[in-house]
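> from the sequence below, what's the structure:
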Amino acid sequence: MNTIDLRLLDRQINRLGLVSFIVVVLTTLVSLWLPLDIPNGFEAQHADRVEWLNANRGIFIIGWINQIISMLAFAGVFFGVAWHVAKIAPLRGIVAAVVVLLSVAAFIIPKFIAVWTIPQLASVVAAEASGAEMANQLLLVLNVSVPFSLYTSFDYLGFWLYAVFALLVAGPLFNGSISSKTAAVGAGLFGCIFHGLFAMLLLGEVASAEIETYFLGSVVFLLLSIVAIVPQFRTNLAP
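Residues are numbered from 1 along each chain as shown. Alright, predicted model coming up:
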């Protein structure tokens, strides 16, 4: 039986990480132009949201498809990081890779709902068709902007898994090059800040209206970590 060529596998995974980073950048830029909900969605009236969803059905779906692609690209980068960590701390690298898989499962559920279910619900409610009452209730539960809806609970579960991943990889990364150390600091800050905010939320110190600002604001440190690790991917691709 043929054995796996680890050098070839190493190059392929590093290439995956590098290509995924490029896709992350492109989808992030595209997301600046694609709305994911009615403006000021947290305070918007339900009737206004239904009207907006029907008027902007196409752009709404494209926006969330872009989010799915972006999420998968993030996973590609994180798999590259987990592979790099596995060379230094094998068990941590394996666990980190499993956490990435779990985050994909958490994120894909709400994003697929946004593409498949929400536009249909809005259409049924607006047309007052059969099942409109049930559709209206489901649309309230699946509000993409309210941080305590069922929909956003899956999203924040995904971000929490990112925070767990960040804490798992921060230590081993700090033993590497300057770029790895920078990535480790960014990952460590994100993991600690996110879990600190999580604790504050459980204690009632963070208001619902502030959740998106605080929690998603901490993602800046994760993005810093991703940018810092890219040179490592390029170095490992060198012949």
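> do you know how far residue 160 is from residue 102?
10 Å (C-beta to C-beta, to the nearest Å). Just so you know, the C-beta spots here come from the backbone N, C-alpha and C atoms, and that holds for glycine as well.
> that should have said residue 200, apologies.
Taken as C-beta to C-beta, the span from residue 200 to residue 102 is 24 Å.
> isn't residue 69 up against residue 27?
Yes. Using C-beta atoms under 8 Å, residue 69 is in contact with residue 27, at 5.4 Å.
> of these two, give the one with the bigger neighbour count.
residue 27 (20 against 17; other C-beta atoms under 10 Å).
> more neighbours: residue 200 and residue 102, which one.
More neighbours surround residue 102 than the other of residue 200 and residue 102, with 15 against 12 (other C-beta under 10 Å).
> mind listing what the more buried one touches?
residue 161 (C-beta atoms under 8 Å, 6 or more residues apart in numbering).
> which SS state does residue 44 fall under?
Under DSSP: H, G, I helix; E, B strand; the rest coil, the three-state class of residue 44 is coil.
> report how many residues lie close to it.
Residues near residue 44, counting by other C-beta under 10 Å, number 16.
> and if you look at residue 179?
Count around residue 179 with other C-beta under 10 Å applied: 18.
> contacting residues around it?
228-232.
> which element is it on?
Using DSSP states H and E, residue 179 sits within helix 178-202.
> any stretches of the protein with poor pLDDT?
Along the chain, the parts satisfying pLDDT under 70 run over 1-4, 236-239.
> longest helix in it, please.
If you go by DSSP state H, the chain has its longest helix at helix 90-127.
> quick check: buried residues in the following helix or strand past that one?
Later in the chain than helix 90-127, the nearest helix or strand by DSSP H and E is helix 132-141. Residues 135-136, 138-139 are the ones in helix 132-141 that count as buried (16 or more other C-beta atoms under 10 Å).
> how about stretch 90-97?
Going by 16+ other C-beta under 10 Å, stretch 90-97 has these buried residues: 92-93, 95-97.
> ok, of the residues you listed, which one's closest to residue 215?
residue 96 (20.9 Å; C-beta to C-beta).
> thought residue 80 was touching that closest one, still the case?
No. Assessed by C-beta under 8 Å, residue 96 is found out of contact with residue 80, at 11.0 Å.
> and stretch 33-42, end to end?
19 Å (C-alpha to C-alpha, to the nearest Å).
> for the most centrally placed residue in the chain, what are its contacts?
For the chain, residue 71 is the residue whose C-alpha lies nearest the centre (C-alpha atoms, centre = their mean; 5.0 Å). The contact partners of residue 71, by C-beta under 8 Å, 6+ apart, come to 104, 107-108, 111, 158.
> quick check: it vs residue 105, distance?
11 Å.
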